[in-house]
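Asker: make a model of this:
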Amino acid sequence: MDVASVTEPGPTAAPRTTMRAVIQDAYGSADVLELRYVDMPEVGDDQVLVRVHAAGVDRGVSHLMTGKPYLMRVMGFGFRAPKDRIRGREMAGRVEAVGKDVTRFQPGDEVMGTCGGSFAEYASAQEDKLALKPANLTFEQAAALPISAATALQALRDQQRLQPGHKVLVLGASGGVGTFAVQLAKAFGAEVTGVCSTEKMDLVRAIGADHVLDYSRDDIAGEGQRYDLILDIGGNRPLRQLRRALAPRGTLVFVGGESGGQVTGGMDRQLRALALSPFVGQQVRMLVAREHHEELESLRELVEAGRLRPVIDRTFPLSQAPDAIRYLEEGHARGKVVITV
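Answerer: Below is the predicted model:
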């Protein structure tokens, strides 16, 4: 992606008014993304201007890029074209300026969090969606946490209070959310079984899974195995198969879904499961993760205590953001994909 030539401000020049950002004007594949100079973001009274050092790539970026499932457009993300033109949602960087009502940060602080438009040199974020970066992580590692790790934390901690010895099954254990879910479940004292492809089984073992299953050949309910909690991260297994592997009073949590049609995506399977839940002893839930500094601060404590570590597969420069998204969509990633700015 080429950027038009723009004179960069020198040491004595006025403050910058433009920045580089990954823009899209229409829905489509990664081919619709362009690196351009755009106006610097405005900073509201309760917002923080962050100089982005790194940005995480999550599945939500792909959905916002393509505008699929179409239900997203009806939900307010833009019907014919994206409402927010700059891609990216999770990031880590250094505070450049703060709004007049901001009390938790000051210029120079190293932070991580979520915002609209992290695939850019600068981003404006709400104060309550930021936390201080873990001292023992690089910016690239910290950028992997805000969405994927927070999603895993909420799926485990909030959907069912895990007790030591509980049996947890993680479907999609080698991906961005999955690698965090395996580590967090172990940190909570659970017995963890991870499900992934053959070539990624070594990774899932290395991050602490007690058992690893090959999704292409192993039966998740083999030998009468039952789990207290199943996290289905972007899976496509039939609901009956998942319930067969779930304990009579267990909980099944849908964290995402990449199957289904173009209208509702994987949500059709999840909605059917939710409709069934009141009539059975098993709990079936669909996670809608929230973005808040409380989760980020919990993650920072776990990271600094050595109980959680991001798994970074590959980093791409900002100019190769389309390649980063393609790499994630093709299913190659072992852990997180991160863009360096």
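Asker: strands along the stretch 101-250 of the chain, start to end?
Answerer: Per DSSP state E, counting those that start in this stretch, the stretch 101-250 of the chain carries strands over the ranges 110-114, 122-126, 130-132, 167-171, 191-196, 211-214, 227-232, 246-254.
Asker: of those, which is nearest residue 19?
Answerer: Taking C-beta to C-beta, strand 122-126 is the member of these nearest to residue 19, at 5.1 Å. (Glycine included, C-beta is placed from N, CA and C.)
Asker: that closest one pairs with which strands, and in what direction?
Answerer: Under the criterion DSSP bridges, strand 122-126 sits next to strand 47-57 (antiparallel) in its sheet.
Asker: nearest to residue 298, of the strands of the stretch 101-250 of the chain?
Answerer: strand 130-132 (9.1 Å).
Asker: quick check: residue 307 touching residue 189?
Answerer: No - between residue 307 and residue 189 there is no contact under C-beta atoms under 8 Å: 11.2 Å.
Asker: more neighbours, the two?
Answerer: residue 307 (14 against 11; other C-beta atoms under 10 Å).
Asker: nearest spatial neighbour of the more buried one, skipping sequence neighbours?
Answerer: The shortest distance from residue 307 to any non-neighbouring residue, by C-beta to C-beta, 6 or more residues apart in numbering, is to residue 187 (4.5 Å).
Asker: the one you found and residue 306, how far apart?
Answerer: Note on residue 187: its distance to residue 306, by C-beta to C-beta, to the nearest Å, is 10 Å.
Asker: tell me which of these two has more neighbours.
Answerer: residue 187 (17 against 9).
Asker: show me what contacts that one?
Answerer: Going by C-beta atoms under 8 Å, 6 or more residues apart in numbering, residue 187 touches 302, 307, 308.
Asker: from residue 61, how far off is it?
Answerer: With C-beta to C-beta as the criterion, residue 187 and residue 61 are 27 Å apart.
Asker: what residues go with each domain of the protein?
Answerer: Per automatic domain parsing, the domain ranges recorded for the chain read 18-145+291-340, 160-286.
Asker: mean confidence for the last one?
Answerer: Going back to what we said before, that points to domain 160-286. Mean per-residue pLDDT for domain 160-286: 85.
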